[in-house]
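Enquirer: Generate a structure from the sequence data that follows.
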Amino acid sequence: MPTKILHFSDQKDKDFINNNSNYKKDFEDLCNVSDINNFFGNFKDSIVSIAILDNHIVSMAVGWEDKDCLYITDVFTSATHRGKGLCKSVVGALLDNWWEKSQFKNNFSIKLGVANDNVAAIKCYKYFGFTEIPNSESETTNSFGENIIRIQMILTKESYAEKYLLPIKVNNLKTLQKTKNNNLGEQLKIIDSNIKEDRDFIINNPKLSKEFEENESFWNETMIKDGYPMNPIKSPHIIEKYKSQLKTDNGNFFYSPTLIKYTASEIFDEYKDTKFSLLIIDDEIVGYAIGFISENNYKIKHVRSFIKGSCTKIIQNLINSYWDPKKLQFKSLETNDNPSMVLYVFKNNDGAIGCYKKCGFEKIGETLWSHKMIVTKERYIEKYLLPLTEKKLQERLKRK
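Expert: Take a look at the predicted model:
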């Protein structure tokens, strides 16, 4: 159901309710208050999400911000409209609003209180990733004068992303994958950060640009959270713009625990001499990987895939961009005539390890967090090119 976000600090938003007799009465009835303006005064810096049906407010949820947390309170649905998913609509609208405005991303969590016997509400909150705070039960009185046992629930940004955002994205992409053969294009692209036309392909497409930025933010946040060693930032523009938010060590600048979300232009500025392998379906980036030169070899990092088979496609696409078919080897570097391709993968990521093995990679070492894997020209020919050639020959024979 369509929802609307109103700001109690905005007179126009307050008038939206006050100037409609139905809305005003519905709001007061839902909250059990006699004067809506007193309610506005108590929550003057808050926002409210409302669901409207047939010129009546049928559900609502209030959200407000404290120093280190966001809170949801006064979640109500009219008795005649319960059981129709309206709690998810109004609570989801608050979460979306905070997420889009980055309040929820900058180390904020969200808390709320709910009666311990309100099974439907608890189920609604768990849908978004809320979990019960241990030993948080307390006796209190609700706005209708009823004695209840209230529990506290909390939602972290990690849980929201894992339990709510990611499943939705994956389901949407699965739907796209099922229909992609019905006039729905699949694009495998190499975006070279040194080529303006490639950069513009991303920057000038708002949807792709947002997806591109979110993929890079995901990896930076993951490495910060897990304590993974970070490389120094290279871009003078980024250092100058975000200097106050970056960590420094021996004259180098690094990402700080507070994630900075860079624009697509800034990502290209930081990653010069870099190739991005993208699998795109209907303007959705469903596969993402970065290739670059380091330590006399080609390296791959920040691999992310959302649908089955996309990992192999983006890795193969990236490998092919560095392959010299005439010499049957990876393109020569100034300091290495016969380079290989190297990557690191988290030890517990069995799916990614399987993907890399399909492309010819093998384990050659490990660090505290990761396996080091490599594919030489010999292994690439043996494990990928020859089987691929044989498969194509078999398909031709079948057609004949």
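
Enquirer: Now Thr274. Its backbone dihedrals?
Expert: Dihedral pair for Thr274: phi -130, psi 150, per degrees, to the nearest 10.

Enquirer: Low-confidence ranges, this protein, go.
Expert: 1, 102-107, 166, 168-185, 225-229, 256-259, 389, 392-394, 396-400 (pLDDT under 70).

Enquirer: per-domain residue ranges of the chain.
Expert: Taking automatic domain parsing as the reference, the chain has its domains at 3-161, 185-399.

Enquirer: Columns distance to Pro167 and mean neighbour count on top of those, output as a markdown table?
Expert: Quick note: C-beta positions are derived from backbone N, CA and C, even for glycine. Below are the domains of the chain laid out as a markdown table (distance: least, CB to CB, whole Å; neighbours: other CB atoms under 10 Å):
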| stretch | distance to Pro167 | mean neighbour count |
| --- | --- | --- |
| domain 3-161 | 10 | 16 |
| domain 185-399 | 11 | 16 |
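
Enquirer: Secondary structure element holding Tyr125?
Expert: For Tyr125, the host element (DSSP states H and E) is helix 119-128.

Enquirer: Show me what that helix is packed up against.
Expert: With contacts taken as 3 or more CB pairs under 8 Å, 6 or more residues apart in numbering; DSSP states H and E, helix 119-128 sits against helix 86-100, strand 109-115, strand 147-156.

Enquirer: Need the contact partners of the last one.
Expert: This points to strand 147-156. For strand 147-156, the surrounding residues in contact (CB atoms under 8 Å, 6 or more residues apart in numbering) are 95, 109-117, 122, 125, 128-133, 136-142.

Enquirer: now the longest one
Expert: With CB under 8 Å, 6+ apart as the test, helix 86-100 has contacts from 1, 3-5, 47, 49-51, 58-61, 63, 70, 72, 75, 77, 104-105, 108, 110, 120-121, 124-125, 127-128, 155, 160, 164-165.

Enquirer: Could you tell me the angle between that helix and strand 109-115?
Expert: Calculated by axes from the mean of the first three to the mean of the last three CA atoms, to 10 degrees, helix 86-100 forms an angle of 160 degrees with strand 109-115.

Enquirer: Which residue ranges of the stretch 301-400 of the chain form helices?
Expert: Here the stretch 301-400 of the chain has its helices, by DSSP state H, counting those that start in this stretch, at 310-322, 350-358, 377-380, 386-399.

Enquirer: for these, which one sits closest to Gly41?
Expert: With CB to CB, the closest approach to Gly41 among the helices of the stretch 301-400 of the chain belongs to helix 310-322: 52.1 Å.

Enquirer: What is the closest one packed up against?
Expert: Counting by 3+ CB pairs under 8 Å, 6+ apart, helix 310-322 packs on strand 186-192, strand 275-281, strand 284-294, strand 297-305, helix 350-358.

Enquirer: Longest helix in this protein, by number of residues?
Expert: Under DSSP state H, the helix in the chain containing the largest number of residues is helix 206-225.

Enquirer: Give me the residues contacting that helix.
Expert: In contact with helix 206-225 (CB under 8 Å, 6+ apart) are residues 158, 201-203, 228, 230, 255-257, 259, 261-264, 267, 276, 278, 280, 283-285, 288, 301-302, 304.

Enquirer: likewise stretch 131-140?
Expert: The contact list for stretch 131-140 (CB under 8 Å, 6+ apart) reads 111, 113, 116, 147-155, 159.

Enquirer: now swap in stretch 15-30 and tell me
Expert: Stretch 15-30 has contacts (CB under 8 Å, 6+ apart) with 6, 34-37, 39, 50, 52, 55-60, 76-78.

Enquirer: Pull the residues that contact stretch 267-275.
Expert: Applying CB under 8 Å, 6+ apart, the contact partners of stretch 267-275 are 190-194, 199, 202-203, 212-213, 216, 233-235, 237-238, 262, 290-293, 318, 321-322.

Enquirer: Quote the end-to-end distance of that stretch.
Expert: 12 Å (CA to CA, to the nearest Å).

Enquirer: Then stretch 143-150?
Expert: So stretch 143-150: terminal residues 13 Å apart, CA to CA.

Enquirer: Please verify my assumption that Phe254 contacts Gln245.
Expert: No - Phe254 is beyond contact range of Gln245, at 10.9 Å (criterion: CB atoms under 8 Å).

Enquirer: farthest pair in the contacts of stretch 131-140?
Expert: Asn147 and Ser159 (30.6 Å).

Enquirer: what residues are up against the residue lying closest to Lys313 once chain neighbours are set aside?
Expert: Once flanking residues are discounted, Lys313 sits nearest to Leu279: 5.4 Å by CB to CB, 6 or more residues apart in numbering. By CB under 8 Å, 6+ apart, the contact set of Leu279 is Glu186, Gln187, Leu188, Ile285, Val286, Gly287, Tyr288, Ser305, Ser310, Lys313, Ile314, Asn317.
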